[in-house]
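A.B. asks: Sequence first, predicted coordinates after that:
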Amino acid sequence: MLAINRMIDKVLWVVVFFGFSVLWLDRESCGQSSGTSSTLTSNSESLTKTSVAIGPSGAAMSTMFSPLHAPPRKTMGLLQRSFVDVATRTESPLQIAMVVDGTESMSQELAAVRDSIDRMIKDLGRSRSRVEVAIVVYRDSLCDAGETEILLRDFSSDDRVIIQAVAKLLPMSGEPFFHELADVGIHTALTQLPWSEDPATNRWILWFGDAPPYETTFQSDAFPKSRRRFSDELLITVANRKQIQINTVVCTSSQNVSDPYGKTIDATRDFVSRLAEGTDGLILDLSYPEVRTALVDASRRPAAQYTRIAPISRQDLIDSADALGDVEAKADGPVQVAVLPMQPIDQMRFDPNLDSVKIATAIRHRLSQTPGFRMASTVDVKKQLRRIRAEGVPIEQRIRVLTTRLGVDYVIWGETVASNQIRTAAYRRRDGKPLFTMVSGDAPDDVTSVFLRAAATDPTSADGDVNADGLESLTKRLQAAQKATAIPGRLAESQAATDEILVALESLHQALGMSAGETESDRLMQTAQTAIQSAIKTEPQNPLVHWLQANIAMNQATALYAKGEQESADDRMRIVRSSLRRAARGKQRLHASLADEITADELLLVRRDPGGAIDAYESLTKSNHPDATRRRAHWMLSGLYAGDWGAGAGLVDSDKLRQHVMALMR
C-alpha cells in the first residue's frame, strides 16, 4: 500500500562503518502502523503499549538514541547536533557513567530515569557491540547519605545488575541551598570508576541534573562544605586526558522549587555548555517547554520491535538482483523522470488544486504505472528548486541544474502559451537539451505517448555522465516501455471525478515525502481525504477511488497511532478494510498490476491471510510490474518476513527479509 511507501530513509536505520552496513529493521515501520488490531499482528502487545516513562527525562531517555523516535529538534540555543548521530557512528564498545542529581527537587525525574534506562540501553545496543553502565549519584553537603554515592561501580552490561542499581536511585535532601555538588559528582565519575583503557572503547558521562554547581566565588561561613570543589577547566582537562565525552541533560524541577530553578537556569546552561563544548559532548535542554513537548509526544509512540539482519555490502546489492530475478537492477536501473507543474519556472507552485499541477500529476501517474520508470518525489523537486532560486541560478539554467541535482534522466516541464494550449518539453540530463517540444491541450496521455516515442528513438550520441553502454541500455528500456500496454486509461468516467482523483493523488504523493504526523503532511492528507470523498460521491463504483481512500486512511491511522490516539486510529483502520473490499469488487476495471496489488492488500488486511499475501506480494516484485508497485511489494514483504503484519513465527525468514531490504536500498 502507498501508506508504507514514505521516504525509505525515514524508516530504515542503516549504520555505516568500515565500508559496509549493519541494518536493524524496525518491524513496526515496515509492517503496519503501531497500535492496529491485535488480530493483525503477532506482536500487538508490544505495538500498543505506550511508554511508561514519567516526566521529560524519561521521555528523553526513551527517544534520544532511537533513530525512529527522536524528534528532529532536541534543544534550543545550545548545541544542535543529534544524540542519534553520536550513538550510531560506530559499533565500538561504549561505557556510560550516569551521573545523576539525587536531590528532592529531582523526585519526578529520578522515577523517569528508573523507568526508562532499559529502553535507552537497548536503543544504544543496536549500534554497539557492547554497552556498559556505571551509576554515580550526587547531592549536597548536608545529605545524610553523603555528598556522593556510587550505586554501580563496575561498568556492567547485565540488565539485572543495572536495574537493581537504578532501583536505589531515590531522592534525598539537597540542603542547604538549591545549588548542588554537580562538580563533585562528575569528578567522582571521572576519577573513581574503572574506565577502560582500550582505545577502541568510547567513554561517556551522561549527566542528569536541574541545578548548577556553586559559583567559584561562593562562600558560606555557616556551611563551609557548600562550595565549588572542582573548576570547569579541571573537569574538562581530566575528561579529555581520559578521552571521556561529557553529555548533559538539563532536567526540570519539582513545582515547589520553581522560583530558585528559574533564577539559576542560565547558570545551569552555562555550566553544561562549557563541559559539553570542551569534551565534544551534547546537550539536551529540557527547560524549554517546546523541547519537553516534542520529547513527550515522541515517547508516546510504542517501543518498536527490531529484527537484525546480516551486514549488507555494495556488492551484496549488485548480487541481490540475481536472487530476486531483477532484470532492471542488473542493467542500469529504471529510467528516472521528474515531472514539473506546467508553470513558469520562476513562479512555480505545487498546490494540488491547480490545473497546471493536475496535468503534471496525470503524466507522472501514467509513467509510474509503466514498467521501467521511477518518478522523482515532488517534495525533492520543491526542495531543489528552492535551493536553486536561493543560489541565484539564472532562470534559463534552472532546468539543466535541476536534472543534475535530482539525478534524473529526464525532466518533463511546460507552461501555458495560449488559452488551453501548453508548450511541453522533456529535457535530458546529459546535455540539458529538449528531447521533444510540443504544443497541445491539457492531454496528459498525448504528452506521455510523445515522450515515450521520442525517448525510445533518440539518436543523440552519449555525452557527459552517460556512456555509450548506458545510453544503449536506456534506449532499450524506453523502447520496451513504449511497446508496453501498462499505461492505464481514464482515471474516471467524468471530468469532475478525474479532477478530484488527481488532487487526491498529488496530495497523497506530497504527503508521503514527509514524516507521518508533520503539520504539512496532515494538511495534505486532509486535502486528499476531502477530494477522494467527493470523487466517491460522484463515482461510487470506481475501484480506484476506494483504493485511494484505503491508502489515505492508512496514512491517517499511522499518524494517529504515533500520537497515541488509539480510538481514532482504529476508526481509520476500519475504513481501510471497508475501502479495500470495495476496491477488490471492481479491480478487473483497473490495470493488472494495481488489481494484483489490491488482491495482496485485501488478503493481508481484510482476509487476514499473511501467507497468501506473501505469495501475492512476491509475484508483484517481478520486473514486468511498474517500479513503484514492485517497491511497495518489497516493503510489505520486508515486514512480513520480519514477523509483522500477523505473519507469525512460522513465516519469519531473515534471509528473505534481507533480500527484500536490499531491493529497497538499490
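C.D. replies: Looks like it arrived, so ask away.
A.B. asks: Remind me what the lengthiest helix in the chain packs against, helices and strands.
C.D. replies: Longest helix in the chain, counting residues (DSSP state H): helix 258-279. The contact analysis (3 or more CB pairs under 8 Å, 6 or more residues apart in numbering; DSSP states H and E) places helix 258-279 against strand 202-209, helix 232-241, strand 244-250, strand 283-285. In short, each C-beta sits where N, CA and C put it, glycine included.
A.B. asks: could the ones you listed be laid out in TSV, adding mean neighbour count, distance to residue 521 and mean pLDDT?
C.D. replies: Putting the helices and strands packed on helix 258-279 into TSV (neighbours: other CB atoms under 10 Å; distance: least, CB to CB, whole Å; pLDDT from 0 to 100) gives the following:
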stretch	mean neighbour count	distance to residue 521	mean pLDDT
strand 202-209	24	33	94
helix 232-241	16	42	96
strand 244-250	25	29	92
strand 283-285	24	25	86
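A.B. asks: possible to save these as JSON lines with distance to residue 268?
C.D. replies: Rendered in JSON lines, the data for these read as follows (distance: least, CB to CB, whole Å):
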{"stretch": "strand 202-209", "distance to residue 268": "7"}
{"stretch": "helix 232-241", "distance to residue 268": "13"}
{"stretch": "strand 244-250", "distance to residue 268": "6"}
{"stretch": "strand 283-285", "distance to residue 268": "9"}
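A.B. asks: Out of the ones you listed, which gets nearest to residue 510?
C.D. replies: The closest approach between residue 510 and any of those, judged by CB to CB, belongs to strand 283-285 at 31.9 Å.
A.B. asks: Quick one: mean pLDDT for the next helix or strand after the closest one?
C.D. replies: Moving toward the C-terminus from strand 283-285, the next helix or strand (DSSP states H and E) is helix 289-299. Mean pLDDT, taken over the full extent of helix 289-299, equals 73.
A.B. asks: now helix 289-299, how far from the chain's geometric center?
C.D. replies: Centroid displacement of helix 289-299 relative to its chain, using CA atoms, centre = their mean, to the nearest Å, is 17 Å.
A.B. asks: With stretch 193-209 instead?
C.D. replies: Here the centre of mass of C-alpha atoms in stretch 193-209, compared against the chain's by CA atoms, centre = their mean, lies 29 Å away.
A.B. asks: now do stretch 620-635
C.D. replies: 22 Å.
A.B. asks: Quick one: end-to-end distance for it.
C.D. replies: Counting by CA to CA, to the nearest Å, you get 11 Å between the two ends of stretch 620-635.
A.B. asks: Can you give me the buried ones in it?
C.D. replies: For stretch 620-635, the buried set under the neighbour-count rule, 16 or more other CB atoms under 10 Å, comprises 620-621, 623, 625-635.
A.B. asks: Of all the residues you listed, the one with the weakest confidence?
C.D. replies: Taking pLDDT as the measure, the buried residues of stretch 620-635 have their low point at residue 623 (77).
A.B. asks: hang on, the earlier thing: of the buried residues of stretch 620-635, which belong to helices?
C.D. replies: 627-635.
A.B. asks: Relative to residue 576, which of the residues you listed is nearest.
C.D. replies: Compare each of these with residue 576 using CB to CB and the shortest gap goes to residue 632, at 15.0 Å.
A.B. asks: which one in this structure is furthest away from the centre?
C.D. replies: Here the chain has its C-alpha centre computed as a mean, and the residue farthest from that point, by CA atoms, centre = their mean, is residue 221 with 55.6 Å.
A.B. asks: Distance check, that one against residue 438.
C.D. replies: Look at residue 221 and residue 438: by CB to CB, to the nearest Å, they are 91 Å apart.
A.B. asks: thinking again about what came up before, host element of the residue farthest from the centre of the chain?
C.D. replies: According to DSSP H and E, residue 221 maps onto no helix or strand at all.
A.B. asks: how about the helices of the stretch 301-450 of the chain, start to end?
C.D. replies: Per DSSP state H, counting those that start in this stretch, the stretch 301-450 of the chain has helices spanning 314-323, 327-330, 355-368, 378-390, 398-406, 444-456. These are given in chain order.
A.B. asks: Out of those helices, flag the one nearest residue 266.
C.D. replies: Nearest to residue 266, of the helices of the stretch 301-450 of the chain and by CB to CB, is helix 378-390 at 35.1 Å.
A.B. asks: Counting by contacts, list what that closest one packs against.
C.D. replies: Under the contact criterion of 3+ CB pairs under 8 Å, 6+ apart, helix 378-390 touches helix 398-406, helix 495-511.
A.B. asks: Format those helices as CSV; extra columns: mean neighbour count, mean pLDDT and distance to residue 367.
C.D. replies: As requested, the helices and strands packed on helix 378-390 are exported to CSV (neighbours: other CB atoms under 10 Å; pLDDT from 0 to 100; distance: least, CB to CB, whole Å):
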stretch, mean neighbour count, mean pLDDT, distance to residue 367
helix 398-406, 19, 92, 15
helix 495-511, 23, 95, 13
